[in-house]
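Undergrad: have a look; sequence and predicted model below, questions after that.
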Amino acid sequence: MIRHRVLTTENVPFSYRVAGLGSRFLAWLIDLLLILGLDAMGLFFGAVLMVGMPGLGSAFFLLWNFAVLWGYFFLFEWLWHGQTPGKALMGIRVIQWRGTAINFFQAATRNLLRIVDSLPIPLPLGPGLLGFVVAACNREQRRLGDLAADTLVVHVEKKSQPILSIPDGRGEVERQRLAMLRQRLGQLEREQKQTLLDLCLRREQLRVAERARLFQSAAAFCERRLNLTPGEYESAEKFVLQMAAVLGERPGPTTP
Amino acid sequence: MELATFLQQRRPDWMRLEAILLRVEGSGLPSLDDEQAVEFGQLYRRAASDLNQAQTFVSGETTERYLNDLVARAYLAIYGKTRFDGVELLRHLFWSYPAVFRRYLPHFVLATLLFAAGTLFGYLASWLDKDTARAYLLPPHSIRPAEKGADENMEYDTDRITEFSSFLFTHNVGVTLLAFALGITFGLGTAWMMFYNGVTTGALAAVFVEAGQFASFATGILPHGVLEIPAMLLGGASGFVLAQGFLFVKPWPRREEMGRTGKRAVLLLSGCVPLLAVAACLEAGVARAPDWFLDRGVKLAVAGVSGALFLAYIVLLGWKYAAERENEA
């Protein structure tokens, strides 16, 4: 997964998940279907008008078709904060490089260049082979239109899973054992510490059976690797939570 | 701070931020009252600083990712919407356009030179090798030297004008936009389109001159050409502006420069849409009108007036507006 790092105006770094070519292609397919539908509508109304006034009917269709082909992506991305219906369905969005919404000019640039991105067949609907190759060749998967407009497509983060807090069980532990826990846990690698913490933070999101099994194996790992044993009448989960509480301490001088 | 305490203390604020976010994402920032808006800002700033803290000590990927997504959502909710004011945008475009045009005069001149070179080439080619040139170089949908009597039988009513003008408008805007977009091929595609458009125009002129109908060529081209050709050249000029962003080294990253030139190029390009709309109406309604309907003098007068109006707009307007913008920036 590729992440695009952004600095907020408060100088805090955070990152967006860059949308891959797969989800972008699916979004484009949805948009294409809608465009064809809109075009069919134009054809219908044009045909109705054509009964009375053939010139007016075909003029209407020509203008309508033109507006849909060139305007669909541009208008939606401009007015609908970087999303077209297809993009909204796929949960992706166009943003500026520095992380905020795109403006009128960026929406225009990025979508006018579709006709070049769609080469070798120049269609304002794009992107075709050229855009695909260009996007596949750079880290943030930007096509030519994105390069010229200084934009990229990212995933919109949905409502996130709530995280739990870790109960501080350290009060129940003797000082001696606490010191030992600290020392032994220090031997773990960063990824191992992370995994233990993640397990504890996300424990509510697991089904009961999986939860029990995962805590069992985590406890077993700690017993084997760190030579620690859970206290009497202590469940595997409680044992691991206790260790997570110790792990969550800030490195450096620790409070007794 | 220890993770347990950190989570314990900060979690209520994150939950609150999530609740407000859900509302904002659903019905927008205006749905918050004053108090909530202030709270939203505070909660966002605190979450950002929590994220900063979470990144500095072992807090578990989950905490970091959770806070990251929370901050990303809030960031887009706060900085994510551009205000839409169509009237203001049109006003801005109208007043700033002449200044933009003047600023990119060199690009326009370059497009014009390429077009002129193409015209010369097309004219000479058509003169030297008539049949080949006619087979390949004449523009589609253009006027042809009239045969005797054709003029009287021509279909000419408002219904046909409507159809023909909208065809011309969409076709010409499409070509112009393509000329702009091809700027990204380092300007080569744009240059070729400028040259090629010149070639077809030159070849057409040669055909008319040979038939001894230069006057009808002038009256058939000029009424709309005085606007259509500049509009096409504008497409080329904005393509060159785009290419410039790619081609030349600046003290800042090329990525930034491209973003900037993209905006300027679109600004320059935007002028071609109204120009081509008027030109299409003039072409269908005036230039192609049979001579018994509109006198040639009237056609030339239309050409002169529309050309003069366009020139006056570009030369006279927008000085004060541009100066004000310059001071602001």
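TA: Right, received. Where do you want to start?
Undergrad: CA atoms for contacts and neighbours, from now on please.
TA: OK.
Undergrad: nearest residue to the middle of chain A?
TA: Closest residue to the average C-alpha location of chain A: residue A:155 at 3.4 Å, with CA atoms, centre = their mean.
Undergrad: and it, what is it in contact with?
TA: Each residue near residue A:155 by CA atoms under 8 Å, 6 or more residues apart in numbering or on different chains is listed here: A:16, A:17, A:18, A:19, A:91, A:92, A:93.
Undergrad: please point out which parts of stretch B:99-116 sit buried.
TA: Within stretch B:99-116, the residues scored as buried using 16 or more other CA atoms under 10 Å in any protein chain shown are B:99-101, B:104, B:107-108, B:110-116.
Undergrad: those: which ones sit near chain A?
TA: The subset of the buried residues of stretch B:99-116 lying close to chain A, counting by CA under 8 Å from any CA of the partner chain, is empty.
Undergrad: and which of the residues you listed is nearest to chain A?
TA: The closest of the buried residues of stretch B:99-116 to chain A turns out to be residue B:100 (CA to the nearest CA; 14.4 Å).
Undergrad: can you report how many residues lie near the closest residue to the residue nearest to the centre of chain A other than its chain neighbours?
TA: Using CA to CA, 6 or more residues apart in numbering or on different chains and skipping residues adjacent in sequence, the residue nearest residue A:155 is residue A:92, 4.3 Å away. Residues near residue A:92, counting by other CA atoms under 10 Å in any protein chain shown, number 24.
Undergrad: okay, now the unreliable bits of the stretch 101-250 of chain A?
TA: A:159-163, A:168-172, A:232, A:248-250 (pLDDT under 70).
Undergrad: show me where it has strands.
TA: Ranges of strands in the stretch 101-250 of chain A, per DSSP state E, counting those that start in this stretch, are A:151-155.
Undergrad: can you get me a residue count around residue 6?
TA: If you meant another chain, say so; for now it's chain A. For residue A:6, the count of nearby residues is 17 (other CA under 10 Å).
Undergrad: right idea, wrong chain: chain B
TA: Neighbour count of residue B:6, defined by other CA under 10 Å: 18.
Undergrad: what of residue A:236?
TA: 21.
Undergrad: for it, give me its contacts.
TA: Contacts of residue A:236 by CA under 8 Å, 6+ apart are A:215, A:216, A:219, A:230.
Undergrad: which one of the residues you listed is nearest residue B:240?
TA: Of all those, residue B:240 sits closest to residue A:215, with 63.3 Å by CA to CA.
Undergrad: and the closest one, how far is that from residue A:201?
TA: Look at residue A:215 and residue A:201: by CA to CA, to the nearest Å, they are 12 Å apart.
Undergrad: ditto for residue B:195
TA: 66 Å.
Undergrad: secondary structure element for the residue of the stretch 101-250 of chain B found nearest chain A?
TA: Minimum separation of the stretch 101-250 of chain B from chain A (CA to the nearest CA) falls at residue B:163, amounting to 4.3 Å. Residue B:163 is located in helix B:158-181, with elements delineated by DSSP states H and E.
Undergrad: and the helix or strand following that helix, anywhere near chain A?
TA: As assigned by DSSP H and E, the chain's next helix or strand after helix B:158-181 is helix B:188-210. No: interface with chain A: helix B:188-210 contributes nothing (CA under 8 Å from any CA), its closest point being 9.9 Å away.
Undergrad: other SSEs contacting helix B:188-210?
TA: Applying 3 or more CA pairs under 8 Å, 6 or more residues apart in numbering or on different chains; DSSP states H and E, we find helix B:188-210 packed against helix B:105-128, helix B:130-137, helix B:158-181, helix B:214-247.
Undergrad: any idea of the angle it forms with helix B:214-247?
TA: Going by axes from the mean of the first three to the mean of the last three CA atoms, to 10 degrees, helix B:188-210 is angled at 170 degrees with respect to helix B:214-247.
Undergrad: then helix B:188-210 to CSV, C-alphas only?
TA: Extracted C-alpha coordinates of helix B:188-210, given in CSV (Å, rounded to 0.1, in the frame of the first residue of the first chain):
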residue,chain,number,x,y,z
LEU,B,188,5.3,19.1,-30.1
GLY,B,189,1.7,18.1,-30.7
THR,B,190,0.5,21.6,-30.2
ALA,B,191,3.1,23.0,-32.7
TRP,B,192,2.0,20.4,-35.2
MET,B,193,-1.6,21.3,-34.8
MET,B,194,-0.9,25.0,-35.3
PHE,B,195,1.1,24.2,-38.4
TYR,B,196,-1.4,21.8,-39.8
ASN,B,197,-4.3,24.2,-39.4
GLY,B,198,-2.3,26.8,-41.3
VAL,B,199,-1.6,24.3,-44.1
THR,B,200,-5.3,23.6,-44.6
THR,B,201,-6.2,27.3,-44.6
GLY,B,202,-3.4,28.1,-47.1
ALA,B,203,-4.4,25.3,-49.4
LEU,B,204,-8.0,26.5,-49.3
ALA,B,205,-7.0,30.0,-50.1
ALA,B,206,-5.0,28.7,-53.1
VAL,B,207,-8.0,26.8,-54.4
PHE,B,208,-10.1,30.0,-54.3
VAL,B,209,-7.4,32.2,-55.8
GLU,B,210,-7.1,29.8,-58.7
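Undergrad: list the buried residues in it.
TA: Across helix B:188-210, burial judged by 16+ other CA under 10 Å covers B:189-209.
Undergrad: tell me which residues in the helix or strand hosting residue A:58 are buried?
TA: Taking DSSP H and E as the criterion, residue A:58 maps to helix A:54-79. Residues A:54-66, A:68-75, A:77-79 are the ones in helix A:54-79 that count as buried (16+ other CA under 10 Å).
Undergrad: packing partners of whatever helix or strand comes next after that helix?
TA: Next helix or strand after helix A:54-79 toward the C-terminus (DSSP H and E): helix A:85-90. Counting contacts by 3+ CA pairs under 8 Å, 6+ apart, helix A:85-90 is packed against helix A:21-52.
Undergrad: I figured the residue nearest to residue A:155 hits residue A:152, correct?
TA: No: at 10.3 Å, residue A:92 does not count as touching residue A:152 under the criterion of CA atoms under 8 Å.
Undergrad: re earlier: derive a ChimeraX selection command for the buried subset of the contacts of residue A:236.
TA: Selection of the buried residues among the contacts of residue A:236 in ChimeraX, burial being defined by 16+ other CA under 10 Å:
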select /A:215,216,219,230
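Undergrad: adding distance to residue A:9, write the contacts of residue A:236 out as JSON lines.
TA: Listed next are the contacts of residue A:236 as JSON lines, based on distance: CA to CA, whole Å:
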{"residue": "A:215", "distance to residue A:9": "41"}
{"residue": "A:216", "distance to residue A:9": "44"}
{"residue": "A:219", "distance to residue A:9": "43"}
{"residue": "A:230", "distance to residue A:9": "47"}
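Undergrad: so which of the contacts of residue A:236 are in helices?
TA: A:215, A:216, A:219 (DSSP state H).
Undergrad: what is the nearest of the residues you listed to residue A:10?
TA: Among the ones in helices among the contacts of residue A:236, and counting by CA to CA, the member closest to residue A:10 is residue A:215, at 39.0 Å.
Undergrad: wait, the closest one sits on residue A:237?
TA: Yes: counting by CA under 8 Å, residue A:237 is a contact partner of residue A:215 at 5.4 Å.
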